[in-house]
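Q: structure for this input, please:
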Amino acid sequence: MLNPAGMIVSVAREAIDQAEYRAWVEEHVKPHVSKIGVDESAWRSFLERIQYVGLDLGRAEDYVLLRDALVQYDGTRVFYLATSPKLFVPICRALAAVGLNQHARIVLEKPLGYDLKSSNAINDAVGEIFQEEQIYRIDHYLGKEPVQNLLTLRFGNALFEPLWRREWVESIQITIAEELGVEARRLL
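A: Okay, the predicted model is just below:
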């Protein structure tokens, strides 16, 4: 649950205002949220907590806009990077350059590089900017229901748990066909 004083600040390249962005969220996000039965007052409350900052992630000087948008909010900031791995380090450096690596967490959505060498390079570089306890690496598929159900099945079942260990399983392949893919992302 989001803290009552919490805000969500969305960042993308497109130069649009708050009203345009909230209209975009209303059109593209609300249909998915409506499937789980969120009432209108909760949706309006959520929508009021969203702020939009348009900036070019590749331009370090643009991060002043993000810092200025966040200055009024106390507490821990979570930066969720669902970007190309080649942008992880430049984004982290730009955040640090404007002081946004303090009282913060950084979430790196995998893939974390293109191979072991690039993954290690990203981890090392991000580790110079953020402390290890500030860094979270996540595979977005771990949040998918089928994967959560597999984990429940494994750890909640005395029959499967001893058999589903690394000593006995060579590999696991999970294929999930999604209706909403990354190819259609416009603002996100």
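Q: the helices in the protein, which residues?
A: Taking DSSP state H as the test, the helices found in the chain are 18-28, 30-34, 40-48, 63-70, 85-97, 116-129, 145-155.
Q: to residue 4, which of the ones you listed lies closest?
A: Proximity to residue 4, assessed across these by Cβ to Cβ, is greatest for helix 40-48 (9.6 Å). Every C-beta, even on glycine, is put in place using the N, C-alpha and C of the backbone.
Q: okay, now residue 47: neighbour count?
A: 15 (other Cβ atoms under 10 Å).
Q: what sits against the residue lying closest to it once chain neighbours are set aside?
A: In this structure, residue 47 finds its nearest non-sequential neighbour in residue 22, 5.6 Å apart by Cβ to Cβ, 6 or more residues apart in numbering. Contacts for residue 22 (Cβ atoms under 8 Å, 6 or more residues apart in numbering) come out as 47, 50, 52.
Q: one step back: tell me which of the helices of the chain lies nearest to residue 103.
A: Closest to residue 103 of the helices of the chain, according to Cβ to Cβ: helix 63-70, at 10.3 Å.
Q: beta partners of the most centrally placed residue in the chain?
A: Residue closest to the average C-alpha location in the chain (Cα atoms, centre = their mean): residue 80, at 3.4 Å. For residue 80, the beta-bridge partners under DSSP bridges are residue 107.
Q: and it, how far from residue 74?
A: Distance of residue 80 to residue 74, computed by Cβ to Cβ, to the nearest Å: 19 Å.
Q: same list (the helices of the chain) but as TSV, adding distance to residue 135 and mean pLDDT.
A: Formatted as TSV, the helices of the chain follow (distance: least, Cβ to Cβ, whole Å; pLDDT from 0 to 100):
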stretch	distance to residue 135	mean pLDDT
helix 18-28	28	92
helix 30-34	29	82
helix 40-48	27	88
helix 63-70	19	94
helix 85-97	9	95
helix 116-129	6	95
helix 145-155	22	65
